[in-house]
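>>> My questions are about this predicted structure, shown below with the sequence.
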Amino acid sequence: MTSHANIKLPNSPQKAAEEMIVIINDLQAIYERETEALEKTDTVTFNALQDQKMSAARKYEQGIAQMVKRRAEMGTVTEATKQTLRDMQENFAALAHKNKNLLERMQRTTQRLGETIRNAAKDAVQKRSSIGYSASGQAQSVSNRNMSVGINETA
């Protein structure tokens, strides 16, 4: 079960920045595991990470919002810590971009699979019932008639 509690960064700007480093590391670690799962098409691991990712992303969002509100006092953070945060943000942005591309690829693959299944089902139905009957009872070909095919996608 994920926690929906709001986070509060420490009052000390330096400690707040250090806490954000931990939060970013946690979120990045989850994204790395998710990206690895996407690369391996491991949907079990991917799905298992979603609650953790949402919780970590919520902490990240809340922490960044607090740092933005405290922008003036955050200027007192050591230059080394500021650089660490900048580097982490840059690395995280690159990882998030890679993750997004893999998610889009997975979505396209799933869509193509669905289309293949629908087409196979449609072909099977048309081959099995290539002759139907009209309203007047006469036999007629049904291979060129429109057909509606749907797939129920439940887990």
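Done, it's in. Numbers count the residues shown, from 1 in each chain.
>>> could you point out where this structure is predicted with low confidence?
Low-confidence segments of the chain, defined by pLDDT under 70: 1-5, 126, 128-135, 137-155.
>>> ranges for the strands of it?
131-133, 139-141 (DSSP state E).
>>> now for the longest helix along the chain, which elements pack on it?
With secondary structure taken from DSSP state H, the chain has its longest helix at helix 79-128. The contact analysis (3 or more C-beta pairs under 8 Å, 6 or more residues apart in numbering; DSSP states H and E) places helix 79-128 against helix 13-39. The way it works is simple: take the backbone N, C-alpha and C, and place the C-beta from them, glycine included.
>>> Buried residues, the helix it packs on. List them.
Of the residues in helix 13-39, 13, 16-20, 23-24, 27-28, 30-31, 33-35, 37-38 count as buried by neighbour count, 16 or more other C-beta atoms under 10 Å.
>>> center of the chain, which residue is that?
In the chain, the centroid-proximal residue (C-alpha atoms, centre = their mean) is L103; its distance is 6.0 Å.
>>> ok, it - contacts?
With contact set as C-beta atoms under 8 Å, 6 or more residues apart in numbering, L103 has these partners: L38.
>>> again, but for N25
By C-beta under 8 Å, 6+ apart, N25 lies in contact with M88.
>>> What distance do you get for it to A56?
Using C-beta to C-beta, to the nearest Å, we find N25 at a distance of 10 Å from A56.
>>> Over to L113?
Per C-beta to C-beta, L113 is found 30 Å from A56.
>>> could I have stretch 61-78 exported to PDB, CA atoms only?
Provided in PDB are the C-alpha atoms of stretch 61-78 (Å, rounded to 0.1, in the frame of the first residue of the first chain):
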ATOM      1  CA  GLU A  61       6.800  16.800  -7.100                       C
ATOM      2  CA  GLN A  62       6.100  18.000  -3.600                       C
ATOM      3  CA  GLY A  63       9.800  18.400  -2.800                       C
ATOM      4  CA  ILE A  64      10.500  20.400  -6.000                       C
ATOM      5  CA  ALA A  65       7.400  22.600  -5.300                       C
ATOM      6  CA  GLN A  66       8.800  23.400  -1.800                       C
ATOM      7  CA  MET A  67      12.300  24.200  -3.200                       C
ATOM      8  CA  VAL A  68      10.800  26.600  -5.800                       C
ATOM      9  CA  LYS A  69       8.800  28.300  -3.000                       C
ATOM     10  CA  ARG A  70      12.100  28.600  -1.000                       C
ATOM     11  CA  ARG A  71      14.100  29.700  -4.000                       C
ATOM     12  CA  ALA A  72      15.800  32.700  -2.300                       C
ATOM     13  CA  GLU A  73      17.000  30.700   0.700                       C
ATOM     14  CA  MET A  74      18.000  27.700  -1.500                       C
ATOM     15  CA  GLY A  75      20.700  30.000  -2.800                       C
ATOM     16  CA  THR A  76      22.700  29.300   0.400                       C
ATOM     17  CA  VAL A  77      23.200  25.700  -0.500                       C
ATOM     18  CA  THR A  78      26.800  24.700  -1.300                       C
END
